[in-house]
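Undergrad: here you go, sequence then predicted model.
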Amino acid sequence: KIDNLGGNVIGFIPIGFLLSIIISSRSRNFLVVLGAFCISLFFELVQLLTGWGVFDVDDLILNTFGGLLGLLIFSAFKSIAPDLEK
């Protein structure tokens, strides 16, 4: 259970970080979390439709939380190095 928890959260931190770099609008926070959710939903739907895995709502939540953590890490880096976006 801990592997599942850590793997889903840690696996989506880079996605949240990269989406934060790519998206440079006023609604960045919302769009990054929405993007992480949509990417996770895509993966879960592929698992459901192909049978390669199991559709799990917990994975959606954990992956989205990982994306949010990536956004928070990006925000911390941005406050330390404001030129990060440039």
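TA: Now that the structure is in, tell me what you want to look at.

Undergrad: model confidence for Glu84, exactly?
TA: Check again: residue 84 is Leu, not Glu. Leu84 carries a pLDDT value of 62.

Undergrad: and what of Asp3?
TA: 79.

Undergrad: ok, and for whatever helix or strand it lives in, which residues are buried?
TA: In this structure, Asp3 is located in helix 2-22 according to DSSP states H and E. For helix 2-22, a neighbour-count test (16 or more other C-beta atoms under 10 Å) marks Asn8, Val9, Gly11, Phe12, Ile13, Ile15, Gly16, Phe17, Leu19, Ser20 as buried. Backbone N, C-alpha and C define where each C-beta goes, glycine included.

Undergrad: list the contacts for the residue lying closest to the third one once chain neighbours are set aside?
TA: Excluding the flanking residues, the one nearest Gly11 by C-beta to C-beta, 6 or more residues apart in numbering is Gly66, at 6.3 Å. The neighbourhood of Gly66, defined by C-beta atoms under 8 Å, 6 or more residues apart in numbering, consists of Asn8, Val9, Ile10, Gly11, Phe12, Ile13, Ile15, Gly16, Ala36.
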